[in-house]
Structures are given as structure tokens and as C-alpha cells.
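return a 3D structure for these sequence lines:
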Amino acid sequence: MNQIIKVIIPAYNEQDSIANVINDIPSLVNEIIVISNNSTDNTEINAKNSGATVLKENRRGYGYACLKGMEYIKASAIHDPYHIPDIIVFLDGDYSDYPEQLTELINPIVNDNIDFVIGARIKRLREQGSMTPQQIFGNWLATFLMKLFFNAKFTDLGPFRAIKYNKLLALNMEDKTYGWTVEMQLKALKQKFSYVEIPMKYRNRIGVSKVSGTVKGSILAGVKILGWIFKYSFK
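Purely as a prediction, here's the structure:
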């Protein structure tokens, strides 16, 4: 495989899990980029010691962290145009996904020229308790509305995802917080990208979720996700 693959991992206080995530990523990946989203623990040093490139983004928000990673990749490509990535993979730093499944995730892009792949956290492969009731309902509602308005075939807003780098740039991503994943899916639909879902295993995360683990986080995420869907539905 001669594809250049880079992984972006947003991380906020994931000192107990980040090394596990990095160490389980297949060696075919060219660079692992961890964005410390204003972490106050040892996330940064643990990520660096595990071989990742570590960036800092002090503005709190999942989208802010992802955008920081994209800015770094774009700047790196300017200085070294022979190493422009072909595929970008997004992965959480809490060890709830199985990073070793990255090879399965990118296969549709590498072998079938698909633009965009979502790792779907399907029920039969999920560890009990790994998704909260509000996550399960939120995913169902968001994907139902995407099917209703756009005839989409998505079943999940899973954060473990892969996309061709040139397609990612074409999306002109802008969400700074909770709406990042749904924004990407909606824009991919609007631009008629080819996409598939790959069933993925999912386990209980290490530590406590900063979004779904709190009532406030769940409400804010839900509002943001629905806001993106209705925004695009009436464009």
C-alpha cells in the first residue's frame, strides 16, 4: 500500500488511554497527530512518549481540535509536497474504538475508491454500556432525519472515520464543537461523495465522557447536531 495515511486524535485529559490508542494503530499509518484540547493532565507527554506528533489547542471543542490537526497537515504539505496525505482518519483518544480496525476502515477507500467511510458502532458489536441511552437515541434521531431529508444510508455518527484528504478539504469544515461529525456527513451528502459504513467493535471508554457523560454536554451536542441537520435541510 503506497497511500499516505495520517490520523487525527482530539484528546482532552486522556492520559490513561492515549498510549493504548496510539500503540494499537497499525504501522501502515505515516503520522499520528494528537491534539491536546486544553488538557490539564499528562495526555501530551504520554502521547509524545508513544511516538505521536502532539499539538495544543486551548480553545475547548472537538471541532477546534480537529481543525487544528487539519491546519497542521496543510502546513506540513506546503513544506513537503511529496508527503501530502491521501487519507485522513479521525479517531477518539478514549480507547472506546479498536484502533487496529483502521485497516478495515480504510479498505473501501484503498480498494474501491470510496470517498468517505464511517465506522458504525452497531449493537451486536458494542460492549454493554459503551454508549449511553442519550447517545443511542441521538444517533437514531440524527440518522433518521438524514434519511428523511437526504435519503442517506447512515446509521451512526461514529467518530472513527476515514476520508480522502482532497475530499476533506472540499468540505470546508467549520464546526468548532459538538457538530463536527454530523457536519461532515451532511456536507458529504450535499457534495454527493460516495460513502459506506463498516461495522466496528466498540467498548466502554477509559475515563468519563466529557460530552455524553454529562446532562449539559448531551443537551448541547443534541442541539448542535439538530441545528446542522435543519440548516442543511432548508438550504
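
contacts for the helix or strand hosting Ile22, please.
Taking DSSP states H and E as the criterion, Ile22 maps to helix 18-23. The contact list for helix 18-23 (Cβ atoms under 8 Å, 6 or more residues apart in numbering) reads 9, 11, 14, 32, 34, 43, 46-47, 49-52, 91-95, 99, 206. Where you see a C-beta, it was placed from the backbone N, CA and C, and this is true even at glycine.

what about those, which are in strands?
Within the contacts of helix 18-23, residues falling in strands by DSSP state E are 9, 11, 32, 34.

top of these by neighbour count?
Neighbour counts for the ones in strands among the contacts of helix 18-23 peak at Val34, which has 30 neighbours (criterion: other Cβ atoms under 10 Å).

what two of the ones in strands among the contacts of helix 18-23 are the furthest from one another?
The most widely separated members of the ones in strands among the contacts of helix 18-23, counting by Cβ to Cβ, are Ala11 and Ile32 (11.2 Å).

find residues that contact each of these two.
What both Ala11 and Ile32 touch, as defined by Cβ under 8 Å, 6+ apart, is an empty set.

and the helices in this structure, which stretches?
Using DSSP state H, the helices found in the chain span residues 18-23, 43-49, 62-79, 102-112, 133-150, 165-171, 180-190, 215-233.

neighbours around the nearest residue to Tyr165 once chain neighbours are set aside, how many?
Spatially, and ignoring its direct neighbours in sequence, Tyr165 is nearest to Pro85 (4.6 Å; Cβ to Cβ, 6 or more residues apart in numbering). By the measure other Cβ under 10 Å, the count of residues near Pro85 is 20.

thinking again about what came up before, from the contacts of helix 18-23, keep the buried residues only.
Neighbour counting by 16 or more other Cβ atoms under 10 Å classes 9, 11, 14, 32, 34, 43, 46-47, 50, 52, 91-95, 99, 206 among those as buried.

low-confidence regions, the chain specifically.
1, 209-218, 220-221, 233-235 (pLDDT under 70).

measure stretch 93-110 end to end?
With Cα to Cα, to the nearest Å as the measure, the first residue of stretch 93-110 is 24 Å from its last.

tell me how far it lies from the chain's centre.
Distance of stretch 93-110 from the chain centroid (Cα atoms, centre = their mean, to the nearest Å) equals 11 Å.
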